[in-house]
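In: just need the structure, nothing else, for what follows:
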Amino acid sequence: GSFQKGKHSSQSGMIPGSWQYKMKLQLILKSSRAYYVLSDAAMILQKYGRALRYIKLALQCHDTYCCLCGSMLPEVLVFLCQCLTLCGDIQLMLAQNANNRAAYLEEYNYQTKEDQEILHSLHRESRCQAFAWATDLSTDLEYQLSVSCKCYEAAYEILLFSNLKSQNPEQHIQVLKRMGNIRNEIGVFYMNQAAAVQTERVVSKNVSTTEQQLWKKSFSCFEEGIQNFESIDDATNAALLLCNTGRLMRICAQAHCAAEGDFKREFSPEEALYYNKAIDYYLKALRSLGKRDVHPAVWDSVNWELSTTYFTMATLQQDYAPLSRKAQEQ
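Out: Residues are numbered from 1 along each chain as shown. Reported below is the predicted structural model:
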């Protein structure tokens, strides 16, 4: 769990309840807040390695505080949500700026004498490591995106299970928006991977299991993201994710183009199924947007995707008419 109940005597031997103990707790919490501010400032300067180092220290301070403190005050939990949300933002930025990885790694590994002393002091008090998973600097894009998502999910769960949602509506909305956004990012990541596998596949080969698994992963990410945006009435972002789901359906349709050589090629039932699903998602996206004048650019983009899907489907039915199926039906 991210926090534990029950007072723990510190490893340095301070007695719970003593004034020294209470002062130490307050200092640890203040350190956590100071590191959060430094992390936020580094984030604004686009120094993402430094930002991750500071949020790591903020979470380590917070963790020690939680391990030593008997009861968790609501404001301390709200602050933990802010830390996890910022950590999710940093991991996403690191994922999106992979070309500067060397510089970020250098920033991340740099440590001042003061930071080392504070860490040493924390380790004297407790060995808690509840958030180590959130603050690793990875070189793997999929891992970075999934860690970002887990940070937002953890923040959301704290708001949900601590009944802090109603007192902090703005934070609740921000976390859900970020969850929707990261799920879109991950969905697009898997969709692009599926498209790449499809490009490498020999035309005559059937759809691979790898492709199907990537479609499923992508689809479930889009679906969850749509639910996140719909729960906060964010129709525009919900429409963008519906549009991406439409794009995924078109990739599925293209993957199912019949295996035979061109001379035998016919528009298959699977292709028709997926193109029709794509059309359904584009129409849902337009319904979500409502009138064009609310978001003309997004509306036009979705409408364009819908038109090209109709056009592609019509062209394929004309060029590769499913004559053998029609003959059987008759």
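
In: any idea how the chain splits into domains?
Out: The chain breaks down into these domains under automatic domain parsing: 19-167, 177-329.

In: any idea how far the first one is from the chain center?
Out: How far domain 19-167 lies from its chain's middle: 17 Å, per C-alpha atoms, centre = their mean, to the nearest Å.

In: for the chain, which helix extends over the most residues?
Out: helix 169-200 (DSSP state H).

In: other SSEs contacting the helix or strand following that one?
Out: Moving toward the C-terminus from helix 169-200, the next helix or strand (DSSP states H and E) is helix 209-231. For helix 209-231, the packing partners by 3 or more C-beta pairs under 8 Å, 6 or more residues apart in numbering; DSSP states H and E come out as helix 169-200, helix 235-255. (C-beta placed from N, C-alpha, C; glycine too.)

In: can you list those helices in JSON lines and add distance to Q91 and mean neighbour count?
Out: Listed next are the helices and strands packed on helix 209-231 as JSON lines, based on distance: least, C-beta to C-beta, whole Å; neighbours: other C-beta atoms under 10 Å:
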{"stretch": "helix 169-200", "distance to Q91": "9", "mean neighbour count": "19"}
{"stretch": "helix 235-255", "distance to Q91": "20", "mean neighbour count": "22"}
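
In: quick one: which of these is nearest Q46?
Out: helix 169-200 (18.2 Å; C-beta to C-beta).

In: helices and strands around that closest one, which ones?
Out: helix 74-96, helix 141-161, helix 209-231, helix 235-255.

In: packing partners for the second one?
Out: I take that to be helix 141-161. helix 74-96, helix 169-200.

In: cutoff 10 Å now
Out: Contacts defined by 3 or more C-beta pairs under 10 Å, 6 or more residues apart in numbering; DSSP states H and E place helix 141-161 against helix 74-96, helix 169-200, helix 209-231.

In: so which bits of that helix are buried?
Out: Of the residues in helix 141-161, 144-156, 158-159 count as buried by neighbour count, 16 or more other C-beta atoms under 10 Å.

In: just those residues now: which is nearest G180?
Out: Y152 (9.4 Å).

In: list the residues that contact that closest one.
Out: Applying C-beta atoms under 10 Å, 6 or more residues apart in numbering to Y152 gives the contacts 81, 84-85, 87-89, 91-92, 174-183, 228.

In: where does the chain have low pLDDT?
Out: Across the chain, the ranges flagged by pLDDT under 70 are 1-14, 16, 70, 202-204, 258-264, 326-330.

In: figure out which of the helices and strands packed on helix 169-200 is closest to V188.
Out: helix 235-255 (6.4 Å).

In: and that closest one with helix 209-231, angle?
Out: Relative orientation of helix 235-255 and helix 209-231, computed by axes from the mean of the first three to the mean of the last three C-alpha atoms, to 10 degrees: 160 degrees.

In: check the offset of helix 235-255 from the chain's centre.
Out: With C-alpha atoms, centre = their mean, you get 17 Å for helix 235-255.

In: so after it, what's the next helix or strand?
Out: Downstream of helix 235-255 (by DSSP H and E), the next one is helix 269-289.

In: what comes up buried for the helix or strand just after that next one?
Out: Downstream of helix 269-289, the next assigned helix or strand under DSSP H and E is helix 296-319. Within helix 296-319, the residues scored as buried using 16+ other C-beta under 10 Å are 298-299, 302, 305-306, 309, 312-313, 316.

In: centroid-nearest residue for the chain?
Out: The chain has I182 as the residue nearest its centroid, 2.5 Å off, counting by C-alpha atoms, centre = their mean.

In: go ahead and confirm that residue touches E153.
Out: Yes. Contact criterion C-beta atoms under 10 Å: I182 and E153 qualify, at 9.2 Å.

In: R287: neighbour count?
Out: 11 (other C-beta atoms under 10 Å).

In: what about it, distance to L306?
Out: Distance from R287 to L306, counting by C-beta to C-beta, to the nearest Å: 12 Å.

In: can you tell me which residues contact R287?
Out: 235, 239, 242.

In: dump these into CSV; add distance to E266 as well.
Out: CSV is the format used below for these (distance: C-beta to C-beta, whole Å):
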residue, distance to E266
A235, 39
A239, 34
L242, 30
